[in-house]
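Trainee: need a structure here:
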Amino acid sequence: MLCGALSALAQPGGSRFSVRDYQARGDGSSDDQAAIEATIAAARQAGGGVIFFPPGVYLHSGVLNFGSNMMVTGAGAGPTVIQATNPTLSALRFANASNCGVSNLKIAGAPSPRKQNDESAGILLVDSSHCRVNGIAIDGGASAGILIHGSQDVQVAGNDIRNEMADGVHVVAGSNRVLVENNTAFNTGDDSFAAVAYAKDPQTTGVTIRNNTSTNSRARGVTCIGAADCLITGNTISNPHSHGIAVAFETSYNTHHPRHVTVADNTITGVAGSGMNAILIDGAEDVRLQRNHVLASNAVFIHNSAGIALEEMSIEDSRGPAILARDSSDLRLRRNHLMRSGGPGILLERVQGGEVSENHLEDARSGGDAQRGDIDIASSSHLTGSGNTVRHGAASRGPRRGIRVADSDSTDVKTADN
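Mentor: Residues are numbered from 1 along each chain as shown. Down below sits the predicted model:
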């Protein structure tokens, strides 16, 4: 449904309006605000069109308000630069617009501490539909690079976002059918790519975040916070300061609870901060993790969640347990490959109901934990499973304990040789 809706997005037709024809200088020192506004007014009077920025550096001192049937484009993300001089009013904004977009230019933000108002974003879509942002670069800025608020049928593709003070791409306030793909984000001030739903707003739904790259985010790589029907797939996340991928309810921000989420085929490396996890599932319902690859990171952590499936995951060199679940129910762990975990390969505490089957563990408890099992189940009930394999190499430390079950009722999880 999402891909079909976005494939129908049309390019605005009509005339081409060059900002140079309305006295924009693009010299990097003149304020071109009035000239750009005059260009927009001419396009609006004509019912829309392409607003073109030839090569140059165009300064603007306030929000630039575009409308329906307008495509803002440049000569490329190198030759054309649009630069804000007021960090509080820096956005290229589309409000209540349809059939709109931005492409082939660079947005440079004014240096500033982080701002909280929406107009401090690089690109702002508010209550808009059938819009696309593609082939742009965003460098710097006081808040989000691209902020999508209450909008639908939006495509954000092939952009490079870096060094701004908040999320790279932030989708919020009941937005739906949003596709975020093939973007790169570096050193974002908050999450690189985020779908968010606060309880005061309608729930954000149907956000696909796929084939993006997040490097050195100052918070998380990819998030589905309070949103529903998120698809997070094919992303590469390296060295975030917080979690790699988070599907979570946040009390402090009063969000909805996330539900119906798929996290598949992502690669996550270098999640090493204290209390941070390669993948965090917290306060969520109906989440499927499939074929993700986690390297040299803290555990995959499931907390206070229900209906969670982990299947065909590959987790190598985790700093503690590879998979840790607490205070959750209906948990299914199947055919995961866990290698060289510092603690148990699988550690379940206060888990009610589920299955642990056909998981393959190699050199679990490499940190020498003598008290835990390679699969360790404590204070849990109604767990079943079979066909798990546990292997230790010559370099393994600590006793080989296989499965350990403690203080648990109606629990029967077996290895392949039981």
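
Trainee: thinking residue 214 is in contact with residue 237, fair?
Mentor: Yes - with contact defined as CB atoms under 8 Å, residue 214 counts as touching residue 237 (4.7 Å). In short, each C-beta sits where N, CA and C put it, glycine included.

Trainee: Spell out which residues are contacts of both of these two.
Mentor: 192, 221, 222 (CB atoms under 8 Å, 6 or more residues apart in numbering).

Trainee: looking at it, the last one is touching residue 234, isn't it?
Mentor: It refers to residue 222. No - in this structure, residue 222 is not within contact of residue 234 by CB under 8 Å, at 10.7 Å.

Trainee: The two: which is more packed in?
Mentor: Neighbour count, other CB atoms under 10 Å: between residue 222 and residue 234, residue 222 has more, with 32 against 15.

Trainee: Tell me what that one is bridged to.
Mentor: Beta-bridge pairing for residue 222 (DSSP bridges): residue 193, residue 245.

Trainee: And it, how close does it get to residue 212?
Mentor: 7 Å (CB to CB, to the nearest Å).

Trainee: what touches both of the two?
Mentor: Taking CB under 8 Å, 6+ apart as the contact rule, residue 222 and residue 212 both touch 192, 193, 235.

Trainee: Would you mind checking which of the residues you listed is nearest to residue 301?
Mentor: Among the shared contacts of residue 222 and residue 212, residue 235 lies closest to residue 301 (CB to CB), at 18.5 Å.

Trainee: That closest one and residue 222 touch, don't they?
Mentor: Yes - between residue 235 and residue 222 there is a contact at 5.6 Å, judged by CB under 8 Å.

Trainee: Helices along this protein, start to end?
Mentor: Counting by DSSP state H, the chain has helices at residues 2-7, 33-45.

Trainee: Based on its surroundings, how many neighbours for the closest residue to residue 21 other than its chain neighbours?
Mentor: Distance criterion CB to CB, 6 or more residues apart in numbering; nearest residue to residue 21, sequence neighbours excluded, is residue 39 at 7.5 Å. Neighbours of residue 39 under the rule other CB under 10 Å: 25.

Trainee: can you check residue 328 too?
Mentor: Using other CB under 10 Å, the number of residues around residue 328 comes to 24.

Trainee: roughly how far apart are it and residue 374?
Mentor: Residue 328 is 20 Å from residue 374, where distance means CB to CB.

Trainee: what's the answer for residue 169, then?
Mentor: For residue 169, the distance to residue 374 - CB to CB - is 40 Å.

Trainee: which residue is nearest the middle of the protein?
Mentor: Closest to where the C-alpha atoms of the chain average out (CA atoms, centre = their mean) is residue 222, at 2.3 Å.

Trainee: For that residue, give me its contacts.
Mentor: By CB under 8 Å, 6+ apart, the residues touching residue 222 are 191-194, 209, 212, 214, 232, 235, 237, 244-246, 266.

Trainee: now with 6 Å?
Mentor: Contacts for residue 222 (CB atoms under 6 Å, 6 or more residues apart in numbering) come out as 193, 209, 232, 235, 245.

Trainee: Same question for residue 122.
Mentor: Residue 122 makes contact with 107, 138, 141, 145, according to CB under 6 Å, 6+ apart.

Trainee: burial count for the first one?
Mentor: Same thing as residue 107. Residue 107: 29 surrounding residues under other CB under 10 Å.

Trainee: hmm, who's touching stretch 271-279?
Mentor: By CB under 6 Å, 6+ apart, stretch 271-279 touches 242, 243, 244, 245, 268, 294, 297, 298, 299, 300, 301.

Trainee: Over to stretch 294-310?
Mentor: Here stretch 294-310 makes contact (CB under 6 Å, 6+ apart) with 268-271, 276-289, 315-321, 323-333, 336.

Trainee: Restricted to buried residues, select the residues you listed in ChimeraX.
Mentor: Buried residues among the contacts of stretch 294-310 (16 or more other CB atoms under 10 Å), as a ChimeraX selection:
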select :268,269,270,271,276,277,278,279,280,281,282,283,284,285,286,287,289,315,316,318,319,320,321,323,324,325,326,328,329,330,331,332,333,336
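
Trainee: So which of the contacts of stretch 294-310 sit within strands?
Mentor: 268-269, 279-282, 285-289, 315-316, 323-333 (DSSP state E).

Trainee: give me every residue that touches the residue nearest to residue 285 when sequence neighbours are not counted.
Mentor: Among residues not flanking residue 285 along the chain, residue 259 sits closest, at 4.4 Å (CB to CB, 6+ apart). Contacts for residue 259 (CB under 6 Å, 6+ apart) come out as 228, 285, 286.

Trainee: how about these in TSV, adding distance to residue 412 and pLDDT?
Mentor: Formatted as TSV, the contacts of residue 259 follow (distance: CB to CB, whole Å; pLDDT from 0 to 100):
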residue	distance to residue 412	pLDDT
228	34	98
285	26	98
286	25	98
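
Trainee: By average pLDDT, which secondary structure element in the chain comes out worst?
Mentor: Least confident helix or strand of the chain, by mean pLDDT, DSSP states H and E, is helix 2-7 with a mean of 41.

Trainee: Sketch out the low-pLDDT regions of the protein for me.
Mentor: 1-14, 366-370, 394-400, 417-418 (pLDDT under 70).

Trainee: rerun at 50
Mentor: Along the chain, segments meeting pLDDT under 50 span 1-10.

Trainee: Verify the stated contact: residue 35 with residue 22.
Mentor: Yes - the pair residue 35 and residue 22 passes the contact test of CB atoms under 6 Å, sitting 4.9 Å apart.

Trainee: how close does residue 95 sit to residue 126?
Mentor: Distance, residue 95 to residue 126, by CB to CB: 4 Å.

Trainee: nope, residue 392 is what I meant
Mentor: From residue 392 across to residue 126, the span is 57 Å (CB to CB).

Trainee: do residue 113 as well
Mentor: Applying CB to CB to residue 113 and residue 126 gives a distance of 24 Å.

Trainee: now swap in residue 196 and tell me
Mentor: For residue 196, the distance to residue 126 - CB to CB - is 15 Å.

Trainee: go on, residue 214?
Mentor: For residue 214, the distance to residue 126 - CB to CB - is 25 Å.

Trainee: In contact with residue 139, which residues?
Mentor: Contacts of residue 139 (CB under 6 Å, 6+ apart): 108, 162, 163.

Trainee: do residue 172 as well
Mentor: By CB under 6 Å, 6+ apart, the residues touching residue 172 are 149, 196.
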